[in-house]
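> Need a 3D model of the following:
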Amino acid sequence: MNHFRVFLLACMGLLAVPAGALEIKIATVAPEGSEWMREHRAAGDTIRERTDGRVNFKFYGGGVMGNDKKVLRKIRIGQLQGAAFTTSGMAERYFDIVLYGLPFAFRSQDEVDYVRSKLDERLMTGLEEAGFISFGFAGGGFATFMSGDPIAEQADLEGKKIWVPEGDVISFTALESMQLSPVILPVADVMTGLQTGLIDVIVTPPVGALLLQWYTKVGYVNPMPVAYTLGILGIAEKSWKRIKPEDQAVVREVITATYERLDEINRQDNIEAYDALLANGIKPVESNTDDVPYWQSVAQKTNREIWSDKATDKALYTDMVTLLAEYRAAQSAAAEIAATE
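Okay, the predicted model is just below:
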């Protein structure tokens, strides 16, 4: 009788799962318990409910699936169907996705918003042509210098080992052009790098330093925007095509709304995270204004050269620079008018 009950329960469990249900496995380095993971899992629950169980998302957080290269390989062989990447993590498959993260490209969130309103769709189209379906971008805020010693000018960086994420060839080249010492590490190894002295300086948004506990190994933060960070969920096109069209529409609607929400949440989170860093004893350091033009000029030169060499859409960088010039000119004109009133 007990064996019969077990058999009956097993059969009932099988009947509860729709025939042909698809499991979409998604990897991310986002820590378990973070807002990022909560939003993604909530989206997965909504998709499962609205597709009557035909599409089931399973998220692997905390980098348990390995670094970006390993994740991309697992996607290629079908062990994973997609991932929530940083832009540098996706650069191997679609280099142009690093556009917004070019060093010293932006000076404010307003500039980012203006450019993104014009260029997001082009990047999403390019990503799809590279074999990944995406649903919008979630800004991660500006990465800034953090270290055990104050970083205010070029001399403060000399002799320091500066972390560069895997795949971020532009930042690596820019730092080398400044005669500095970049060290490439995956995100999962940054804490160990700080603990062992393998790296001295990190460039990260405040929320990243807080969530990943990196702030416990630094003493200073320079709030100057160095690079804008971005998160993106990409599903391999071959896996996407296995989803029925009516269910694709549900997935696209739910995840697009999730990324719009994350885009807003992350802005506030970074403001609060910066305040939390200061509350935990991290000291702010302002940049030497004489050094900023040098950093910007070296970065712009590197950005142009590498974009010309590696990008698919060569015009994207020029278009971004043009948009920024237009925006800055309009802001300057508005400021002059306001000053005369």
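> next SSE after the lowest-mean-pLDDT helix or strand in the chain?
Using mean pLDDT, DSSP states H and E, helix 2-16 stands out as the lowest-scoring helix or strand of the chain, at a mean of 41. Once the chain leaves helix 2-16, the next helix or strand it forms, by DSSP states H and E, is strand 22-28.
> Can you point out the buried residues in that next one?
Across strand 22-28, burial judged by 16 or more other Cβ atoms under 10 Å covers 22, 24, 25, 26, 27, 28. In short, each C-beta sits where N, CA and C put it, glycine included.
> list the contacts for the closest residue to residue 203 other than its chain neighbours?
Of all residues not flanking residue 203 in the chain, residue 143 sits nearest, at 4.6 Å (Cβ to Cβ, 6 or more residues apart in numbering). Applying Cβ atoms under 8 Å, 6 or more residues apart in numbering to residue 143 gives the contacts 203, 204, 205, 208, 225, 226, 227, 228, 229.
> List the neighbouring strands of the helix or strand hosting residue 143 plus their orientation.
Following DSSP H and E, one finds residue 143 within strand 132-147. Note on strand 132-147: by DSSP bridges, its sheet partners are strand 201-204 (antiparallel), strand 220-236 (antiparallel).
> What about the closest residue to residue 302 other than its chain neighbours, how many residues nearby?
Closest residue to residue 302 apart from its sequence neighbours, by Cβ to Cβ, 6+ apart: residue 174 at 4.2 Å. For residue 174, the tally of surrounding residues (other Cβ atoms under 10 Å) stands at 25.
> Phi, psi for residue 174 please.
phi -60, psi -40 (degrees, to the nearest 10).
> need the contact list for it.
Contacts of residue 174 (Cβ under 8 Å, 6+ apart): 103, 298, 299, 302, 303.
> now do 10 Å
Residue 174 makes contact with 102-104, 164, 168, 180, 182, 227, 295, 298-303, 306 under the criterion Cβ atoms under 10 Å, 6 or more residues apart in numbering.
> most surrounded residue in the residues you listed?
Top of the contacts of residue 174 by neighbour count (other Cβ under 10 Å): residue 227, with 26 neighbours.
> distance of that one from residue 269?
18 Å (Cβ to Cβ, to the nearest Å).
> cool, and residue 150?
Where residue 269 is concerned, residue 150 sits at a distance of 25 Å (Cβ to Cβ).
> More neighbours: which of those two?
In this view residue 150 and residue 269 are compared by other Cβ under 10 Å, and residue 269 has more residues nearby, 22 against 16.
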